[in-house]
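K.L.:
give me the fold of what follows.
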Amino acid sequence: MKAAFTLIELLVVIAIIAILAAILFPVFAQAKEAAKRTADLSNAKQIGIANKLYLADYDDTMPIFYAYNSEPSFGRVGHKGTELLLLPYTKNQEIFRSPLDAGGPYLASDPGLIAAGGSFPTYYSAYGSSYRFGKCVHTVVAGESSGNNFTYDYNQIVNETSVEFPAETRFIRLEMMPFFEAKNDPDCTRYGYDCGYFRKWSSTGGSVIYMDSHAKAANAPGQFDDIRVNVAGNRSGEATGSTEAYDNTWYWRCD
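P.N.:
This next block holds a predicted model:
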């Protein structure tokens, strides 16, 4: 007579498998995210080098600022993005696609994307970049530079040598930082994301690229707020002196 498992023995085996799965699955998820963060930082470093090469060819002048234009959207004739100006130096559009990029609620409500009638699960697929360019450290050309389909009406020429603290001043960062969530910004006036535009891309942080071309991760709100964001060296969380909402810190003026 062949021996067989009893019901209790089967239940014990199933319980052991369930326990092992509960232990190992989070470990696998953490390892996968760690690999994505490494790839994200590698992309950021390549973008920093590409910007240096651009500066060498354009008399030290920073590229023209464009950000998240969707009329037309990325890949369509007429789309404008700063990343396209750097493309001859990266030779690979894909380095502007972060493996952490999980899109966000804003994509679904963008009029330009709705009009395009496409599917845009990531910021990269919609706008051509998972990274946000800093307005205060890029060249702005009146009637040409634009962000979210809004054209700017002023001129601003930025030369790399005019930046007071190049190793401390960011010019590009990952779009979604996990610390933008509501617990760090309950009234949505610190970062303005977790009030309809936020999706967590990472459990820790994301890459920041500096004017001297190096890149490193920002993993906490205090660290992020301390990064310089303009030519003069003002810090992201520093007060501007304005009493108007969404203009009272250099984050709002420059990011």
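
K.L.:
what is the least confident helix or strand in this structure?
P.N.:
helix 7-57 (a mean of 83; mean pLDDT, DSSP states H and E).

K.L.:
and the next element down the chain from that one?
P.N.:
Once helix 7-57 ends, the next helix or strand along the chain (criterion: DSSP states H and E) is strand 66-67.

K.L.:
which elements pack onto that next one?
P.N.:
Secondary-structure packing of strand 66-67 (3 or more Cβ pairs under 8 Å, 6 or more residues apart in numbering; DSSP states H and E): helix 82-90, strand 131-133, strand 146-147. Glycine gets a C-beta too; all of them are placed from N, C-alpha and C.

K.L.:
using PDB, list the CA coordinates for the helix or strand following the first one.
P.N.:
Pointing back at helix 82-90 there. Next in sequence after helix 82-90, counting helices and strands by DSSP H and E, comes helix 105-109. Extracted in PDB, the C-alpha atoms of helix 105-109 (Å, rounded to 0.1, in the frame of the first residue of the first chain):
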ATOM      1  CA  PRO A 105      -2.300  61.000 -12.400                       C
ATOM      2  CA  TYR A 106      -1.400  64.200 -14.300                       C
ATOM      3  CA  LEU A 107      -0.900  62.200 -17.500                       C
ATOM      4  CA  ALA A 108      -4.500  61.200 -17.700                       C
ATOM      5  CA  SER A 109      -5.800  64.800 -17.400                       C
END
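
K.L.:
do me a favour and average the pLDDT over helix 105-109.
P.N.:
Helix 105-109 comes out with an average pLDDT of 91.

K.L.:
next one: stretch 201-221
P.N.:
96.

K.L.:
for it, buried residues please.
P.N.:
201-202, 205-211, 213, 215, 217-219, 221 (16 or more other Cβ atoms under 10 Å).

K.L.:
how about residues contacting it?
P.N.:
33, 36-37, 40-41, 43-45, 47-49, 51-52, 98, 100-102, 131, 137, 160, 163, 166-179, 184, 190, 224, 227 (Cβ atoms under 8 Å, 6 or more residues apart in numbering).

K.L.:
let's see 6 Å
P.N.:
The contact list for stretch 201-221 (Cβ atoms under 6 Å, 6 or more residues apart in numbering) reads 40-41, 44-45, 47-49, 52, 100, 102, 163, 166-167, 169-174, 176-179, 184, 224.

K.L.:
before we move on, back to that, redo the helices and strands packed on strand 66-67 as CSV? Include mean neighbour count, distance to Asp59 and mean pLDDT.
P.N.:
Output for the helices and strands packed on strand 66-67, formatted as CSV (neighbours: other Cβ atoms under 10 Å; distance: least, Cβ to Cβ, whole Å; pLDDT from 0 to 100):
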stretch, mean neighbour count, distance to Asp59, mean pLDDT
helix 82-90, 19, 14, 95
strand 131-133, 25, 20, 96
strand 146-147, 18, 23, 95
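
K.L.:
switch the ones you listed over to a markdown table; also include distance to Tyr154.
P.N.:
Listed next are the helices and strands packed on strand 66-67 as a markdown table, based on distance: least, Cβ to Cβ, whole Å:
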| stretch | distance to Tyr154 |
| --- | --- |
| helix 82-90 | 17 |
| strand 131-133 | 17 |
| strand 146-147 | 12 |
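
K.L.:
follow-up on the earlier one: now, of the contacts of stretch 201-221, which are buried?
P.N.:
40-41, 44-45, 47-49, 100, 163, 166, 169-174, 176-179, 184, 224.

K.L.:
and for Pro186, the neighbour number?
P.N.:
Residues within reach of Pro186, counting by other Cβ atoms under 10 Å, total 11.

K.L.:
show the end-to-end separation of stretch 61-70, please.
P.N.:
26 Å (Cα to Cα, to the nearest Å).

K.L.:
so Met176 sits in a helix?
P.N.:
No - applying DSSP: H, G, I helix; E, B strand; the rest coil, one finds Met176 to be coil, outside a helix.
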